[in-house]
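Peer 1: Give me the fold of what follows.
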Amino acid sequence: MGSDVARLFAAEGPLARALPDYAHRPEQAAMAVAVARAIERGEPLLVEAGTGIGKTFAYLVPALLSGRRVIVSTGTRTLQDQLYRRDLPLLARALGSPVRVALLKGRANYLCRHRLELAVRQRGLPGFERAATRTLARVERWAASTRAGDLAELTDLPEHSPLWPQITSTRENCLGAECRYHAECHVLEARREAQAADLVVVNHHLLLADLALKDEGFGDLLPGADAVILDEAHQVPEIAAQFFGRSWSTRQVDLLVRDAQAEIAAAAVDSGRTAATLGELTERCAGLRRALGSAPSRVEWARVPDAFVEELEAIERALGECDARLQELAAGAALTACARRARAAADSLAALRACGDEDGLRWVECGPAAITLQFTPFEIAERLREAVQGQGSAWIFTSATLAVAGDFAHFAARVGLADARAFALDSPFDYARQARILLPSGMPDPQSGQYPQAFVEAVAPLLEAGGGRAFLLFTSHRALGEGLAALERRFPQPPFPVLVQGQAPREALLARFRELGRAVLLATASFWEGVDVKGDALAIVAIDKLPFASPDDPLLAARLEGIRRRGGNGFTEHQLPQAVLALKQGAGRLIRDFDDFGVIVIGDPRIARKSYGRAFLAALPPCPVLTDPAEAARFLAGRLAAHARQRANPASAANSASEA
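Peer 2: Modelled structure (predicted):
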């Protein structure tokens, strides 16, 4: 199949004839051939595809032509929708390939008609917000006409809306065949379509939930797949760690109490003792928060107060009591399901409390809406390897950031595939012409109080030369706050719009950034990857510090402890390569197309002063390195001026491009 695939990507091949703006890229063709061979041979493959290669088409084309059952897994639901609704139909038409394609998400993305009915009943209960009532009315109107039941169709329903879990099901609260809407179930229909498809588009959370035997409604598909392709694969080890661990949350209890109250009201049964037990559960969960007091958002298990552990024991007993009381009511399938949920929550809590400290790390995460208990095993690579190899299919991992200086050892070890074939394809962009790297000289220590202002002062000449057009990326929310304060001191009346993460949802902020064309956006980790701004709206990416993970992060602590126990070096084996890959992701936001240009700023002086700084420098795009902000500003101003001239005289621009 490899030679056939290569012909498709030729400069005058079928794709060039069928797709507008198609450009032949040897790297893309090489990747497509490698993917085709991996699928054919049923082998694992690791591919680092530099920005601009076009890796999406490079794996979709061989998948469509393989004649095999293929699962494509993405890092986000947004990319999932893009593949299914845009890229796959476009390629299928270009190839004349009548492949059956399906989109499958986790059950929490589909409307549950029974849960919607329950939510409609609950809006009469105390505490149901008026705004939620209005939103619920819109959901009811949509529910009457939707075919797929995918909540992504409700573009005005935020992902984090408190209504979302009230109108979707979980494995625990699903009534199964006893539900009166079973024949109309959107989750079951999505599964049926996926089972009949040749290519199924999923996301990493759904895929890894199945690998970890969490039974999220996908287990009946994975065993039949001949190939699994994971895009944005650098996310996989972190997500896998979540699913190979254990978790329990007060949110489960809150939803159980609310659902049980609504079902009791609907059944019109005498429930005095049950109501008292439900009330105790609510009070005990509030007691957990009081027991933590002013503790930080993440607390290791060894440091939680005794009062917190005592409340957990009381909650476990109350959940068992709730199970018994709900079963005594004998009031139908819905309340029986609530009883099962109470027992499952009690068992989950007991298992978490019994986890041994020799196997992994336990901690408590205290968020604004819930308290969550987590257990993460020290090592997941072996379990991930067994799960992958047990499927007997080709597994293809691809991303723009998998290797450190061309070496895949770090990523391969994390996914348990040390012997997998791996290769890196460089970006086709001309970085030496398109970009500069600025390492400003004279920067203070990153931990000093003077650093935030020094960082902004170093970036200021570029902001002035570019009239904005910048991402200022920070390694923590605290650093973002300090950076914003420093920016406001430097520019009391900024000559450019300033956008800050948290002011609006991420996609809304990005849309606003593109629309304004000369804004400055301050953001943290969620903007370091998966963000694509082409054109001159973004000409500066400034990163405040080398992105080492916080030493207080329990996930990091678990990973480092696992390495220590097998005699390894946590810094060189994990912390350093992870930080290098994160920097590659952040710097990769700048050049997204052949016409893009700009400056990457790394404020942290350790990149030049420390011996490990060489690993970070090697990961950055191959372009000239400057130390003087004024020189970088002149480069940027010159590129912007040339770009303006080209836009004013397109014919001249075309001639220049052809000569180049």
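Peer 1: contacts, neighbours, all on C-alpha from now
Peer 2: OK.
Peer 1: Quick check: phi and psi on the residue lying farthest from the centre of the chain?
Peer 2: Taking CA atoms, centre = their mean, the residue of the chain most remote from its mean C-alpha position is D270, at 45.6 Å. The phi/psi pair for D270 (degrees, to the nearest 10) reads phi -70, psi 120.
Peer 1: What separation do you get for it and T277?
Peer 2: 14 Å (CA to CA, to the nearest Å).
Peer 1: same check, this time on P440
Peer 2: 62 Å.
Peer 1: between these two, which one's more packed in?
Peer 2: P440 (24 against 21; other CA atoms under 10 Å).
Peer 1: so what's that one scoring on pLDDT?
Peer 2: At P440, the pLDDT value in this model is 97.
Peer 1: can you tell me which residues contact it?
Peer 2: By CA atoms under 8 Å, 6 or more residues apart in numbering, the contact list for P440 reads 458, 601-603, 605, 626-629.
Peer 1: The same query, at a cut-off of 7 Å, please.
Peer 2: 458, 603, 627-629 (CA atoms under 7 Å, 6 or more residues apart in numbering).
Peer 1: Could you list which of these belong to helices?
Peer 2: 458, 629 (DSSP state H).
Peer 1: among the contacts of P440, which two are most distant?
Peer 2: For the contacts of P440, the farthest-apart pair by CA to CA is G603 and D628; their separation is 11.9 Å.
Peer 1: Please identify which of those two sits among more neighbours.
Peer 2: The neighbour comparison of G603 against D628 (other CA under 10 Å) goes to G603, with 27 against 14.
Peer 1: Can you give me the pLDDT of that one?
Peer 2: 96.
Peer 1: how near is the closest residue to it other than its chain neighbours to G106?
Peer 2: Leaving aside its sequence neighbours, G603 sits nearest to D544 (CA to CA, 6 or more residues apart in numbering; 5.1 Å). According to CA to CA, D544 and G106 sit 36 Å apart.
Peer 1: Looking at these two, which one has more neighbours?
Peer 2: Counted by other CA under 10 Å, D544 and G106 do not tie: D544 has more neighbours, with 25 against 20.
Peer 1: got the contact list for that one?
Peer 2: D544 touches 455, 473-474, 602-604, counting by CA under 7 Å, 6+ apart.
Peer 1: and those, which two are the farthest apart?
Peer 2: L473 and D604 (12.2 Å).
Peer 1: What is the burial count for R192?
Peer 2: R192 has 14 nearby residues by other CA under 10 Å.
Peer 1: who's in contact with the helix or strand it falls within?
Peer 2: For R192, the host element (DSSP states H and E) is helix 186-196. With contact meaning CA under 7 Å, 6+ apart, helix 186-196 is reached by 102-104, 107, 110-111, 148-149, 200, 221.
Peer 1: Show me what secondary structure element comes after that helix.
Peer 2: Taking DSSP H and E, what comes next after helix 186-196 is strand 199-203.
Peer 1: Tell me the helices and strands packed up against that following strand.
Peer 2: For strand 199-203, the packing partners by 3 or more CA pairs under 7 Å, 6 or more residues apart in numbering; DSSP states H and E come out as strand 70-74, helix 77-82, strand 101-103.
Peer 1: Output the longest one in CSV, but only the C-alpha positions, please.
Peer 2: Output of helix 77-82 as CSV, limited to C-alpha atoms (Å, rounded to 0.1, in the frame of the first residue of the first chain):
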residue,chain,number,x,y,z
ARG,A,77,-13.3,17.1,21.2
THR,A,78,-12.8,20.2,19.1
LEU,A,79,-10.3,18.4,16.9
GLN,A,80,-12.5,15.3,16.9
ASP,A,81,-15.4,17.3,15.4
GLN,A,82,-13.0,18.9,12.9
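Peer 1: Report the distance from that helix to the chain centre.
Peer 2: Relative to its parent chain, helix 77-82 has a centroid offset of 11 Å by CA atoms, centre = their mean, to the nearest Å.
Peer 1: Same question for the helix or strand just after that helix: list its buried residues.
Peer 2: Using DSSP H and E, the helix or strand that follows helix 77-82 towards the C-terminus is helix 88-95. The neighbour-count check on helix 88-95 (16 or more other CA atoms under 10 Å) flags 88-89, 91-92, 95 as buried.
Peer 1: residue ranges for the helices of the stretch 351-500 of the chain, please.
Peer 2: Under the criterion DSSP state H, counting those that start in this stretch, the stretch 351-500 of the chain contains helices at 381-389, 409-414, 431-434, 451-466, 477-490.
Peer 1: Please name whichever of those is nearest to A49.
Peer 2: Across the helices of the stretch 351-500 of the chain, closest to A49 is helix 409-414 (CA to CA), at 14.4 Å.
Peer 1: Flag every buried residue along that closest one.
Peer 2: 409-414.
Peer 1: What separation do you get for E631 and G638?
Peer 2: Taking CA to CA, one finds E631 at 11 Å from G638.
Peer 1: overlap in contacts of those two?
Peer 2: Joint contacts of E631 and G638 (CA under 7 Å, 6+ apart) do not exist.
Peer 1: Check the offset of the helix holding R192 from the chain's centre.
Peer 2: 24 Å.
Peer 1: Just the CA atoms from it would do, formatted as CSV, please.
Peer 2: Extracted C-alpha coordinates of helix 186-196, given in CSV (Å, rounded to 0.1, in the frame of the first residue of the first chain):
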residue,chain,number,x,y,z
HIS,A,186,-28.5,8.7,21.8
VAL,A,187,-25.6,6.9,23.4
LEU,A,188,-26.7,3.5,22.1
GLU,A,189,-27.4,4.9,18.6
ALA,A,190,-23.8,6.4,18.5
ARG,A,191,-22.4,3.1,19.5
ARG,A,192,-24.4,1.2,16.9
GLU,A,193,-23.2,3.6,14.2
ALA,A,194,-19.6,3.2,15.4
GLN,A,195,-19.8,-0.6,15.3
ALA,A,196,-20.9,-0.5,11.7
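Peer 1: Just say helix, strand or coil for L319.
Peer 2: helix (DSSP: H, G, I helix; E, B strand; the rest coil).
Peer 1: I figured it hits S348, correct?
Peer 2: No: with contacts counted by CA atoms under 7 Å, L319 stays clear of S348, the gap being 10.8 Å.
Peer 1: More neighbours: which of those two?
Peer 2: Between L319 and S348, counting by other CA under 10 Å, L319 is the more crowded of the two (27 against 17).
Peer 1: Let me see the contact set for that one.
Peer 2: 342-343, 346.
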